[in-house]
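> sequence plus predicted model, see below.
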Amino acid sequence: MTTRLDVESMTNRSGARNVRHPVGAPRPFSDWRGSIGLTQDITCGPQLEADAGLDPRCWFVVAINAELACSDNATDRISVDAVDLSAFAIDSGSRGYQDLVALVDAYGLLPVTRIDLSGATARNVLRHMTSGHIQVQMVGLEAELNVVRHRRLDAKQPRGGR
């Protein structure tokens, strides 16, 4: 049984800042910070919801969270944040994107359920995308970069040369 959420009590603006988990919030001791952009393959349908075991008629994934494995003995930790559309009487037929935008505009936050995808890897998420772009820059070096030269390192080329 789904109960309707009390949006007014959840979106008290003074308290909302205390419970927000902004996308892209820097982790402590990050050496590199930047942005990522992914283009979802819409021909596959709502696959992120399916991977999370969610009914796409009732849920809408609005964020992907990834802690990437950077050593051989580590594993990726992937989760998604999803909105229960029925909690806001959002029409699932339109997949509710515009309704979610209106909800955020009106209340300043979006209540979500975080779902850990145990065993999932970044590659599992990327298979639902048609393209991606990552750009990071050293923390503390907040400068606009002017690329004045571009080189390509061939796989057979020795490393460390000028």
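Yep, that arrived. If you're wondering where the values come from, they're calculated on a predicted model, not measured in any experiment.
> use CA for all of it now, contacts and neighbours both
OK.
> in a helix, D105, correct?
Yes: according to DSSP: H, G, I helix; E, B strand; the rest coil, the state of D105 is that of a helix.
> got the residue ranges for the helices in the chain?
Secondary structure of the chain (DSSP state H): helices located at 7-10, 13-19, 47-51, 97-107, 122-126.
> those helices: lowest mean pLDDT?
The weakest mean pLDDT among the helices of the chain belongs to helix 13-19, with a mean of 36.
> apart from its chain neighbours, what residue comes closest to the most centrally placed residue in the chain?
Closest residue to the average C-alpha location of the chain: I64 at 2.9 Å, with Cα atoms, centre = their mean. In space, and not counting its chain neighbours, I64 is closest to V80: 4.5 Å by Cα to Cα, 6 or more residues apart in numbering.
> touching, that neighbour and V112? I think so.
No: using Cα atoms under 8 Å, V80 makes no contact with V112, being 9.4 Å away.
> who has more neighbours out of the two?
V80 (21 against 16; other Cα atoms under 10 Å).
> bridging across strands, which residues link to the more buried one?
Note on V80: beta-bridge partners by DSSP bridges are I64, I115.
> got a pLDDT number for it?
pLDDT, V80: 91.
> what sits against it?
52, 61-65, 114-117 (Cα atoms under 8 Å, 6 or more residues apart in numbering).
> repeat that for 6 Å
Contact partners of V80, counting by Cα atoms under 6 Å, 6 or more residues apart in numbering, are 63-65, 114-115.
> PyMOL command for the buried members of these?
Here is the PyMOL command that picks out the buried ones among these, judged by 16 or more other Cα atoms under 10 Å:
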select buried, resi 64+65+114+115
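> as JSON lines, the contacts of V80 with pLDDT and distance to C44 would be great.
Listed next are these as JSON lines, based on pLDDT from 0 to 100; distance: Cα to Cα, whole Å:
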{"residue": "A63", "pLDDT": "89", "distance to C44": "18"}
{"residue": "I64", "pLDDT": "88", "distance to C44": "17"}
{"residue": "N65", "pLDDT": "89", "distance to C44": "20"}
{"residue": "R114", "pLDDT": "93", "distance to C44": "22"}
{"residue": "I115", "pLDDT": "92", "distance to C44": "21"}
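> which one of the contacts of V80 is nearest M129?
Nearest to M129 among these, counting by Cα to Cα, is I64 at 12.4 Å.
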